[in-house]
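**Student:** turn this into a structure:
(2 chains)
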Amino acid sequence: MHTLTLAQATQGLENGDFSSEEITRHYLNRIGQLDEHYNSYITVTADAAIEQARGADTERAKGNAGTLCGIPMAHKDLFCTQGVRTSSGSRMLDTFVPPYNATIVSHIKGAGAVVLGKTNMDEFAMGSSNETSWYGPVRNPWDIERVPGGSSGGSAAAIAAQLAVAATASDTGGSIRQPASLCGITGLKPTYGRVSRYGMIAFASSLDQAGTMTRTAEDAAILLGAMAGFDPLDSTSTDIAVPDYRATLNDDLSGLKIGIPDEYFSEGLHPGTAAAVENAIKELEKLGATTRRISLPHSNLAVPCYYVLAPAEASANLSRFDGVRYGHRCEDPEDLYDLYTRSREEGFGDEVKRRILIGAYVLSAGFYDAYYRKAQRIRRLIKNDFIGAFYDVDVILGPTAPSPAFKLGEKTSDPVQMYLEDIYTIATNLAGLPAMSIPAGLAEGLPVGLQLIGQDFGEAKLLNIAHRFQQATDHHLACAPIIGGDL
Amino acid sequence: MALQGSDIDKLAVLARLKIDNEIKQEVAEKISDILSMIDQMQAVDTSAVLPMANPHDATQRLRADVISETNQREAFQAIAPQTEDGLYLVPKVID
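**Tutor:** Take a look at the predicted model:
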């Protein structure tokens, strides 16, 4: 049962091959037996999941099955879940039990899904290896000595280890696509504003976007359909109708124009990654697409620009953690200043503190124009690169990450090296564009992700291309070796 | 730009963080490395480019100034570290 896609599991439930309670118990059993190797979950909500599964079986019997009815899935632990601890991977929120649901949590619940638990992540989504989590690192199911990527490493590993059918995730600079690439699964970061961020613990509000992690593009289409849409509770939500993403999955790719940016095949790209991406390009050409080289000339400025804007926004967003209303509070504060500083010192990890300090620096008097304003201007140049490219091509294609999964501890002592993990993903966050990572084969036995970047609100086209690619290839079917055999 | 330990002290006050003396130099070095990477931006002339705050150049959506929330004080204070009689407790601010 655990190898089924979301679409296949739905068919199995509909055919009566198994009940939601059966598949849910099967997944809970797998999590109980196997997750000690991966640490992909922070919280498992077994009793609630079984109750939800029974409810889903009842609804299906009555003919009321929603699009996710009875499907066991997981939420990244930065989506607020009413009555269930939501930690954002931080000691600061280790005891935080939200009194409300994030909008997407409500939507997914409304579609009938069963929630197995909350997945591990880099603290406040700041990281590319899942090593900054207060709950310990997540391990890559393809090789437990290696990182799963981050920040949504728990969601990615849970799917790769077949400990959930699908999962929610979020992407501020690559946090869906890079772990999807490193774990060999399908990850979709929608257009900024496509999916509500209400109840998603904020990192950098002009960049954060919620999205999906699944086994296939078809599954991503189903899950995105349940999540997307206008939300009056998110002031950055866009009021544009949500198309039926499944309806166009099989559209013909003849005449599709794909742009290949020279800058995404620069020095530092792993040769195995480059080879897998080159093969994927040939496959798409066989499906009728034409490709051409393009240039995104400001690509090299994406990481510097991001590391001004994201920490600046983070330092503002994380100022809410003051030890007063919720979250960690230090013992016996001497005065108010001591309450603030010691609660924050104890509650935040090193990477989070580093980014808060950088944010405070770039926003401080005398540096604001040289850093923050400058970065906002560079951001427009990066967006303009994409606008220019999309005059000539329909989508842009390249690698997701510069190399396959690296070893735990390999980059923790050098933040700049860690930041360069997101060299190919960050520009799309700055530009607000939708992008996907889909499996494109293996390099040295480890998964390689192919990145597809679309035009604003062009998720349906990305899903169409990804689905046709997955129909013609079997990279997405490659499974990580599961410790403990085939439970 | 290379930061010193004293710069970290100033930033820590602005950010309401406490940075221990033993790690201050290391924090300063790592942030200096990051700022050197960021300084690549300065090579580009952006004097004619408008700053972009939102990827869709969207402006803040406003709503009518009417009450939309019900009072949930008890639910919100149930997760607070210290409250009393419906109030959040902090150390004494005024003697």
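
**Student:** tell me the secondary structure at residue B:32.
**Tutor:** helix (DSSP: H, G, I helix; E, B strand; the rest coil).

**Student:** pull the number of nearby residues for the closest residue to it other than its chain neighbours.
**Tutor:** Closest residue to residue B:32 apart from its sequence neighbours, by Cβ to Cβ, 6 or more residues apart in numbering or on different chains: residue B:2 at 4.6 Å. For glycine as for every other residue, the C-beta is placed from the backbone atoms N, C-alpha and C. Neighbours of residue B:2 under the rule other Cβ atoms under 10 Å in any protein chain shown: 11.

**Student:** tell me the secondary structure at residue B:2.
**Tutor:** Here residue B:2 is recorded as coil under three-state DSSP.

**Student:** pLDDT weak spots in the chain?
**Tutor:** All of this is about chain A. Residues of chain A meeting the criterion pLDDT under 70: A:484-487.

**Student:** not quite, I wanted chain B
**Tutor:** B:1.

**Student:** now do the strands in it.
**Tutor:** Here chain B has its strands, by DSSP state E, at B:83-84, B:87-88.

**Student:** how about the residue in the stretch 1-150 of chain A positioned nearest to chain B, nearest residue that isn't a chain neighbour?
**Tutor:** Here the stretch 1-150 of chain A gets closest to chain B at one residue, residue A:99, 4.4 Å apart by Cβ to the nearest Cβ. Nearest residue to residue A:99, sequence neighbours excluded (Cβ to Cβ, 6+ apart): residue B:75, at 4.4 Å.

**Student:** what number of residues lie near the one you found?
**Tutor:** A count of neighbours around residue B:75, defined by other Cβ under 10 Å, yields 12.

**Student:** before we move on, the earlier item: and of the strands of chain B, who's closest to residue A:284?
**Tutor:** Evaluated over these, closeness to residue A:284 peaks at strand B:87-88, with 57.1 Å, by Cβ to Cβ.

**Student:** that closest one: partners in the sheet, and parallel or antiparallel?
**Tutor:** Applying DSSP bridges, strand B:87-88 is found paired with strand B:83-84 (antiparallel).

**Student:** could you point out which element follows the helix or strand hosting residue A:179?
**Tutor:** Using DSSP states H and E, residue A:179 sits within helix A:177-183. Toward the C-terminal end, the helix or strand that comes next after helix A:177-183 (DSSP H and E) is strand A:186-189.

**Student:** strand partners (parallel or antiparallel) of that next one?
**Tutor:** With DSSP bridges as the test, strand A:186-189 is paired with strand A:209-214 (antiparallel), strand A:435-443 (antiparallel).

**Student:** what's next to it, contact-wise?
**Tutor:** A:152, A:156, A:169, A:171, A:176-177, A:179-181, A:209, A:211-217, A:219-220, A:224, A:428-429, A:434-439, A:449, A:459, A:462-463, A:466, A:470, A:476 (Cβ atoms under 8 Å, 6 or more residues apart in numbering or on different chains).

**Student:** how far off centre is that strand?
**Tutor:** Distance, stretch centre to chain centre, for strand A:186-189: 6 Å (Cα atoms, centre = their mean, to the nearest Å).

**Student:** and if you look at stretch A:449-459?
**Tutor:** Counting by Cα atoms, centre = their mean, stretch A:449-459 is centred 14 Å from the centre of its parent chain.

**Student:** please apply the same query to stretch A:217-234.
**Tutor:** On the basis of Cα atoms, centre = their mean, stretch A:217-234 sits 14 Å off its chain's mean C-alpha point.

**Student:** could you see whether chain B lies near it?
**Tutor:** Yes - contact of stretch A:217-234 with chain B (Cβ under 8 Å from any Cβ of the partner chain) involves residue A:232.

**Student:** got the buried residues for that stretch?
**Tutor:** Using 16 or more other Cβ atoms under 10 Å in any protein chain shown as the test for burial, stretch A:217-234 gives A:217-229, A:231, A:234.

**Student:** just the ones of the residues you listed in helices?
**Tutor:** The helices, defined by DSSP state H, take in A:217, A:218, A:219, A:220, A:221, A:222, A:223, A:224, A:225, A:226, A:227 from these.

**Student:** what's near enough to touch the last one?
**Tutor:** The neighbours of residue A:227, taking Cβ under 8 Å, 6+ apart as the test, are A:104, A:107, A:108, A:168, A:195, A:196, A:210, A:211, A:212.

**Student:** what's the burial count for the closest residue to residue A:192 other than its chain neighbours?
**Tutor:** For residue A:192, ignoring the flanking residues on the chain, the nearest one in space by Cβ to Cβ, 6+ apart is residue A:432 at 3.6 Å. Residue A:432 has 27 neighbouring residues, counting by other Cβ under 10 Å.
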